[in-house]
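**Q** here is the input, now give the coordinates:
(chains A, B, C and D)
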4 protein chains.
Amino acid sequence: MDDIEIDEVATPELDDPVLIEGLPGVGHVGKLAAEHLLEEFDGELVRRVYTTEFPPQVNVDGDGAAELTCAEFHAVETDGADLLVLTGDHQAGSNKGHYTLTTTFLDVAEAFGATRAYALGGVPTGELVEEYTVLGAVSDGDLIEGLEAVGVEFRPDEPAGGIVGVSGLVLGLGGRRGFDAACLMGETSGYLVDPKSARAVLEVLADRLDFAVDYESLEDRAEEMEEVVGKIQEMQDGPAVPDDDLRYIG
Amino acid sequence: MDDIEIDEVATPELDDPVLIEGLPGVGHVGKLAAEHLLEEFDGELVRRVYTTEFPPQVNVDGDGAAELTCAEFHAVETDGADLLVLTGDHQAGSNKGHYTLTTTFLDVAEAFGATRAYALGGVPTGELVEEYTVLGAVSDGDLIEGLEAVGVEFRPDEPAGGIVGVSGLVLGLGGRRGFDAACLMGETSGYLVDPKSARAVLEVLADRLDFAVDYESLEDRAEEMEEVVGKIQEMQDGPAVPDDDLRYIG
Amino acid sequence: MDDIEIDEVATPELDDPVLIEGLPGVGHVGKLAAEHLLEEFDGELVRRVYTTEFPPQVNVDGDGAAELTCAEFHAVETDGADLLVLTGDHQAGSNKGHYTLTTTFLDVAEAFGATRAYALGGVPTGELVEEYTVLGAVSDGDLIEGLEAVGVEFRPDEPAGGIVGVSGLVLGLGGRRGFDAACLMGETSGYLVDPKSARAVLEVLADRLDFAVDYESLEDRAEEMEEVVGKIQEMQDGPAVPDDDLRYIG
Amino acid sequence: MDDIEIDEVATPELDDPVLIEGLPGVGHVGKLAAEHLLEEFDGELVRRVYTTEFPPQVNVDGDGAAELTCAEFHAVETDGADLLVLTGDHQAGSNKGHYTLTTTFLDVAEAFGATRAYALGGVPTGELVEEYTVLGAVSDGDLIEGLEAVGVEFRPDEPAGGIVGVSGLVLGLGGRRGFDAACLMGETSGYLVDPKSARAVLEVLADRLDFAVDYESLEDRAEEMEEVVGKIQEMQDGPAVPDDDLRYIG
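**A** Sure thing, here's the model as predicted:
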C-alpha cells in the first residue's frame, strides 16, 4: 500500500464548494458538527482517503463487515453553499504525517474547486461552559470582519498554545497556498464530548454560509450527555438522602 | 538489510491454500491456535520474513544458537484444505510498518495462490469467560452466512474499538485486493494466555474448512494455565488457616 | 509540503555575518537572548524555515491571524558585527530531524557568508544561581582563548551529559564543515525562564563581537520573574499568621 | 548530513581481525570490557561512524572542545589475535536504526577482513551476583564447543527474552552474512555498572582468542563501585552507631 491512497467514489460538479473539516479533537466538537451536517443533509460520499498514518485498523459495521479505517469527503448541497465535508476517526500518527495528510486533503478540496476552508473544532476552557462562545482564527486578517459579523470572537494570541493537528494545518498550509481558511473553535470544558459546543460552531457557520439546519438531533445528544454527567456526579456524591433517612431513623 | 527480506525456504505446490494468520495479540489466542496447527499437522516451513519493523532481536534456541527474529509461513496439508499458516513473535513496530508488513504477507499468500484468509485472534471481555463464543468480522458480507453456520457470532459494531494490528489489516487490505477475508475472535478475559479460547477458534475454523484436529495438547496447556491461575488466587487469598479455624469454631 | 521549505523573504548583503542560534531550551536562555537582540536592534526578517519536524501547528497573532509555525532568520547589524539571528518556538521532533534541520540552518547561514556560529543556551545547575557564570564549549580548541578573555569558563568534560539539540549540532555539524562554532551556556537553575542568565550570555557575546546592547527590557523581565517566584514561595509557605503573632507580641 | 557517515581515520593492515562489539547495555558490561581493551592495549582509531540514529549531541572533552557523538572502531593488536574494537555511547534510536547501523558496523568489519565477531554484554539476574558466569549464544552451533571449553555456559532458550540491540543483531545479521558470531553475556544484577562482570567476560574472550590482559584497572573500578554500593546501603539503613550510643546513654 502507498503512504496515501485515494478512492474516487464519485466526482459530482460542485459550485465553489467550501471545505468543512471535522476530524476528532477537543470535545469532539468538530467531528460532531461535521457529522451533523452529513446527517441533516443528503450528502454524497465522493472520496475515501486511506493512509499508513492512520492506525492499522478496521471498523466493523452493523452487519459484521469490516472497513479499513479512512477519512471521507462528502459533497453536501445546502441553500447557501455547496460543502465538501471531511470526516474521519483519526488524526495522523506523526508530525510529518499531519503535514502530508493535510496537504492531501487540500489537494482533494482544490480538485473540486474549493478556495475556502473552515476547520471546525473545540477550545478547552477547563471548566463548565455556560455560554458557548465560538473563537476564531484565520489565514488572512481580511476574513475577520465577516466572521465577527456572525458572532465569532477573535482574541489576541488565543488559543495560547496555538492550534494543532489537521485543523491548524488547514489554516497554516491552506493559507500558504491561497485558501481563505478559518478555524471556528467552540468553547468546551475539554472533559466531555460536547454537542452543545458543536451546535454553537454550526450556528455561526450556517450564518456565515447562509444555510439553515435543524439542531434537534444534536440537542438529543446534548441531553444524553447531561444524563451521563448527572449519573457520574451522583456516583461521586453518593446517595445522600437514604443516608440521612437512616441516620434519622437511627 | 532491506526494510523487508524474504527467505524462500521451499515452494511446494499448494491447492487453493487458505492463509491462516496467528500473530501475537489479546490472550495470545491467534498465536496459540496457529501454533497448534503446526504442532498437530506435519507442516513445512516455506518462507521466513525479516523486517526492520521487528525489534532488533535474536532468539536463542534449545542449543544456544541464535536466530534473527522473523515471521514464518508454513504449508500445512489437512483433509479439508491446504493451509498457509503465518506465525511469529511480533507485530510491526509502527503504524506504517503494519501496513507494509501486512501487504508483504498478502503478497506471499497470493504468490502461493491463496484467495482466502482467516485472521485468528482474541477479543477481550474483561471478565472470566465461561462459554467461549467466537466473534466474527468479514471483508465481505457474503461470507457471514457460511461462518454463522459453524457457530460464529456477528454482533453489530463489535468489537467496539475495531480490529487493530495485522489481523485488522488482513481484513482491511486483504478485502481491498480481493481476498475473502474473515477475522475469528475468541472471547477471552484479556488477562491471561488462553488456550481454551484458541480451541474455540480452531473448532469453528476446522468446521468451516472441513478438517479434523486433535485438541489434547491445547487442553494440557489450558490445565497448566488453570493451575497457574489457581496458585495466583491462593496467593491473593492468603493461607487457608483462618477459614479452617472459623469452620472449627463454627 | 516538502520536509523542509524555506521562504526567502529578503537577501541583504551582510559583512561576514555571525550565526546566533537561540531556539528553546533549558531556562529558555538562548531564546530570550536571541529575541532580545531582535528587540534591541532593527533586524530584518530574511528567511522562514518550515519543516514537517515541527509540530503541526499554527500560532495566532494579536489580530487573530494564524501563521504556520517556523524558524526565522533575522539579519541584524550591530557596531561590532553583522548577525544572523535564528529564533523559533521548537526544536526538531526526532533525532534525525535535528540533524537535517541543523544542516539546513547551517546551509542558510553559509549562503549568507557566515563562517562563525554561536549557539546560545542554558546549563542547568539544579539550584538557585547567584553568580551567572557562562560555560563554553567550542568546535575547535583555538577558539577557547578568545572566549576565556571575555569571561567564558571552560570546565573539563562539562556539561556532563554533553550538549543536545540544535545547539549541540551547531557545534558538532558546524565544526565538521568548517564553522568556527561555540556554545555559550548560561548557568540557570533549570526550573524557570531565566532572563538574568540570558543577560549573562549576551554580555559575553557582545564583548566578544564588540557590540553594545541595552539590557533594560531583560531586567524588567527578570524582575517580573522574581515577583512570580516570590508569589510561589508565599503560597508554599502558607498564610502569614506567625508574622501577625510576632507583631502582636511586639 | 547523510543517515550514516563514516570517517576513515586510518586503514592499517590487520591479520584476520576479530570484531569485538561493546556498546552500552545491561550493567554496561560490554562497554566496560571493550573500553578496558582499549586502555590496556595500544589501539589505533581507524573509523568513526556518525549517524542520525544517535541523539543530536556533542560531548565535551577535557579541554572544552566538543565532538559530535559517534561510534568508534579501534584496531588493537594482541599476542593472540588482531581485534577491531567497536565502542560508543549509544545504541540506535529506533528499531530500523538498529538494523541499518549494525549492517554498517558489519560492513566496516568485513572491509577490514573480519569473519569473526564477539558481541560483549551483560545478562540481568535481578539479584546480587556471587559467581560471574558468562552465558553464550552463537550464530552457528559449531561455535559452542570452543566456547564451552573456555567456560562459557549455554542454557536452552536463555536469555528468555532473546538478545536485543546491536549485540543481538551482530549475531542475527552477522550470522546471515557468514560471520562466525558469538554473544558473551556476563551475569550481572542489572542495577549497577558492573566491572566484575566485564572482567568475567574478558577472561573467557582472552582465553578463547589466546591473549593476555591485565585486570588491575577494572578491579579498581570494581572497588569504587563497591564503595558506592556500601554508601547507598548505609544511607538506607541509617546511621547505626549513633543510635546505639543514644540507647547506651539512655
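
**Q** does A:Val204 sit in a helix, a strand or a coil?
**A** The local conformation at A:Val204, judged by DSSP: H, G, I helix; E, B strand; the rest coil, is helix.

**Q** with A:Leu14 instead?
**A** coil.

**Q** wait, it touches A:Gly113, no?
**A** Yes. Counting by C-beta atoms under 8 Å, A:Leu14 touches A:Gly113, with 6.3 Å between them. Bear in mind the C-beta positions are built from the backbone N, C-alpha and C, glycine included.

**Q** pick out whichever of those two has more residues nearby.
**A** For A:Leu14 and A:Gly113, the more surrounded residue by other C-beta atoms under 10 Å in any protein chain shown is A:Leu14, and the numbers stand at 18 against 13.

**Q** list phi and psi for the spatially most central residue of chain A.
**A** Centroid check for chain A by C-alpha atoms, centre = their mean gives A:Gly30 as the closest residue, at 1.3 Å. For A:Gly30, the backbone dihedrals (degrees, to the nearest 10) come out as phi -60, psi -40.

**Q** chain A: helices as residue ranges?
**A** A:29-40, A:95-111, A:144-148, A:165-176, A:195-209, A:216-237, A:240-249 (DSSP state H).

**Q** between the fourth one and helix A:29-40, how big is the angle?
**A** So the one you mean is helix A:165-176. With axes from the mean of the first three to the mean of the last three C-alpha atoms, to 10 degrees as the basis, helix A:165-176 and helix A:29-40 are set at 80 degrees to each other.

**Q** report whether helix A:165-176 contacts chain B.
**A** No. Using C-beta under 8 Å from any C-beta of the partner chain, helix A:165-176 stays clear of chain B, with a minimum separation of 15.9 Å.

**Q** for that helix, list every residue counted as buried.
**A** A:Gly165, A:Val166, A:Ser167, A:Gly168, A:Leu169, A:Val170, A:Leu171, A:Gly172, A:Leu173, A:Gly174, A:Gly175, A:Arg176 (16 or more other C-beta atoms under 10 Å in any protein chain shown).

**Q** mind putting those in a markdown table, distance to chain C and pLDDT included?
**A** Below are these laid out as a markdown table (distance: C-beta to the nearest C-beta, whole Å; pLDDT from 0 to 100):
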| residue | distance to chain C | pLDDT |
| --- | --- | --- |
| A:Gly165 | 6 | 97 |
| A:Val166 | 7 | 98 |
| A:Ser167 | 9 | 98 |
| A:Gly168 | 5 | 97 |
| A:Leu169 | 5 | 98 |
| A:Val170 | 9 | 98 |
| A:Leu171 | 4 | 97 |
| A:Gly172 | 3 | 97 |
| A:Leu173 | 6 | 97 |
| A:Gly174 | 10 | 98 |
| A:Gly175 | 7 | 97 |
| A:Arg176 | 6 | 95 |
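
**Q** now the two most distant members of those.
**A** Greatest spatial distance in the buried residues of helix A:165-176: A:Gly165 and A:Arg176, 16.8 Å, computed using C-beta to C-beta.

**Q** number of nearby residues for A:Val76?
**A** Applying other C-beta under 10 Å, we find 24 residues neighbouring A:Val76.

**Q** for it, list each beta-bridge partner.
**A** For A:Val76, the beta-bridge partners are A:Leu83 (DSSP bridges).

**Q** my guess is the residue nearest to the centre of chain A contacts A:Ser167. True?
**A** Yes. Using C-beta under 8 Å, A:Gly30 is in contact with A:Ser167, at 6.7 Å.

**Q** run through the residues that contact the residue lying closest to A:Asp79 once chain neighbours are set aside.
**A** Nearest residue to A:Asp79 in three dimensions, chain neighbours excluded: A:Phe211, at 4.9 Å (C-beta to C-beta, 6 or more residues apart in numbering or on different chains). By C-beta atoms under 8 Å, 6 or more residues apart in numbering or on different chains, the residues touching A:Phe211 are A:Thr78, A:Asp79, A:Gly80, A:Ala81.

**Q** and the gap between A:Phe211 and A:Val29?
**A** 19 Å (C-beta to C-beta, to the nearest Å).

**Q** repeat for A:Leu192
**A** A:Leu192 sits at a distance of 11 Å from A:Val29 (criterion: C-beta to C-beta).

**Q** neighbour-wise, which of those two wins?
**A** Applying other C-beta under 10 Å to A:Leu192 and A:Val29 shows that A:Val29 carries more neighbours, namely 34 against 16.

**Q** check what pLDDT that one gets.
**A** According to the predicted model, the pLDDT of A:Val29 comes to 97.

**Q** in this structure it contacts A:Ala198, no?
**A** Yes. Under the criterion of C-beta under 8 Å, A:Val29 makes contact with A:Ala198 at 5.0 Å.

**Q** between these two, which contacts overlap?
**A** Contacts common to A:Val29 and A:Ala198, judged by C-beta under 8 Å, 6+ apart, are A:Leu120, A:Gly186.

**Q** quick one: low-confidence parts of chain A?
**A** A:238-250 (pLDDT under 70).

**Q** residue contacts, the residue of it found nearest chain D?
**A** Going by C-beta to the nearest C-beta, chain D is nearest to A:Ser94 of chain A, at 12.5 Å. By C-beta under 8 Å, 6+ apart, the contact set of A:Ser94 is A:Glu53.
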